[in-house]
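Peer 1: Generate coordinates for the sequence data below:
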Amino acid sequence: MKWTEDELRLALALYCQLPFGKMHSRNKEIVKLAEKIGRTPSAVAMKLVNFASLDPEIVNSGRTGLGNASSMDRQVWANFQNNWDSEISKAADELGIISETPLPAVEEEEIPLPVNTTRKTEIEVRKKQYIFRRMVLSSYAGICCISGLSEPRLLIASHIVPWKDNTENRLNPKNGLCLSVLHDKAFDRGLITVLPDFTIAVSSQISKLRNDTFIQETLVSCHGTKIMMPEKFHPDPALLAWHSQNVFLK
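Peer 2: Have a look, this model is predicted:
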């Protein structure tokens, strides 16, 4: 039975939120989607791996997926790349992954909301934060790309270009880095940055603190090294350039 566009949207939304290694028929979220659309878990898992064949990061890593993506698969993939906010948020709602008031494991980026914001709008913002977190952490296999820390309660899905500064990339996983709480705060305040070639740069404002052993070991020592690259959705070099030019304190 041919897949419909709506079914493909749901499958791709799930693909974006699962680590590559968990795209198998025993995964509870895959089983749930299969039940929802009347297909077998194996068929859904196979479709997710089809999408992997369209993902340049997966292909470049040597994992080519099944390699038989359809023209509609390609169209749905392109739609997501061009409009993350509407495509992923709507599909994630339909998947039923998100509870009514999802709360990240740790406090994510502070989102400025108008004083008269309704409860419904606030919940929508929190949902989008939760979706972004799932996509970014799954891409980095739940590991801080600078320190290697893997405790989820101490990890942040950090926006490269902040939420308030770029509406088009709020839910774009290529606008995200998986960082420890410490490295997220340093990145947010411009004390560190990631250059377009994925090299870490440390601000002179902290590199000169020679007597602070902790800063030297946890931040300054990272200068000139490369981040651990995600298995999906590599950070966009243009967005990294924006951060290094507009946030980083040289």
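Peer 1: Would you mind stating the distance between the nearest residue to residue 139 once chain neighbours are set aside and residue 16?
Peer 2: Distance criterion Cβ to Cβ, 6 or more residues apart in numbering; nearest residue to residue 139, sequence neighbours excluded, is residue 230 at 3.9 Å. C-beta: built from backbone N, CA, C; applies to glycine. Distance, residue 230 to residue 16, by Cβ to Cβ, to the nearest Å: 12 Å.
Peer 1: before we move on, the earlier item: isn't there a strand covering the residue nearest to residue 139?
Peer 2: No - counting by DSSP: H, G, I helix; E, B strand; the rest coil, residue 230 is not part of a strand but coil.
Peer 1: Can you give me the buried ones in stretch 220-235?
Peer 2: 220, 222, 227, 230-235 (16 or more other Cβ atoms under 10 Å).
Peer 1: ok, those residues vs residue 29, which is closest?
Peer 2: The shortest approach to residue 29 among the buried residues of stretch 220-235 belongs to residue 232, at 16.0 Å (Cβ to Cβ).
Peer 1: show me the contacts for the nearest residue to that closest one once chain neighbours are set aside.
Peer 2: In space, and not counting its chain neighbours, residue 232 is closest to residue 139: 4.4 Å by Cβ to Cβ, 6+ apart. When the contact criterion is Cβ atoms under 8 Å, 6 or more residues apart in numbering, the partners of residue 139 are 19, 173, 176, 178, 230-233.
Peer 1: any chance of these in a markdown table, plus distance to residue 46 and pLDDT?
Peer 2: Below are those laid out as a markdown table (distance: Cβ to Cβ, whole Å; pLDDT from 0 to 100):
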| residue | distance to residue 46 | pLDDT |
| --- | --- | --- |
| 19 | 17 | 89 |
| 173 | 23 | 94 |
| 176 | 27 | 96 |
| 178 | 28 | 97 |
| 230 | 23 | 94 |
| 231 | 19 | 90 |
| 232 | 18 | 89 |
| 233 | 21 | 92 |
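Peer 1: which of the residues you listed lies closest to residue 210?
Peer 2: residue 178 (29.6 Å).
Peer 1: how about the closest one, secondary structure?
Peer 2: Going by three-state DSSP: residue 178 is strand.
Peer 1: mind listing what the closest residue in space to it that isn't next to it in sequence touches?
Peer 2: Nearest residue to residue 178, sequence neighbours excluded (Cβ to Cβ, 6+ apart): residue 140, at 3.6 Å. Contact analysis of residue 140 by Cβ under 8 Å, 6+ apart lists 177-178, 228, 230-231.
Peer 1: I'd like to know how far the most centrally placed residue in the chain sits from residue 193.
Peer 2: Nearest to the geometric centre of the chain sits residue 136, at 2.1 Å (Cα atoms, centre = their mean). Distance, residue 136 to residue 193, using Cβ to Cβ: 17 Å.
Peer 1: Next: residue 169.
Peer 2: 17 Å.
Peer 1: Likewise for residue 51?
Peer 2: Counting by Cβ to Cβ - residue 51 and residue 193 are separated by 31 Å.
Peer 1: now swap in residue 167 and tell me
Peer 2: Residue 167 sits 22 Å away from residue 193, going by Cβ to Cβ.
Peer 1: now the protein, which segments are flagged as low pLDDT?
Peer 2: Counting by pLDDT under 70, the ranges of the chain that qualify are 62-67, 96-121.
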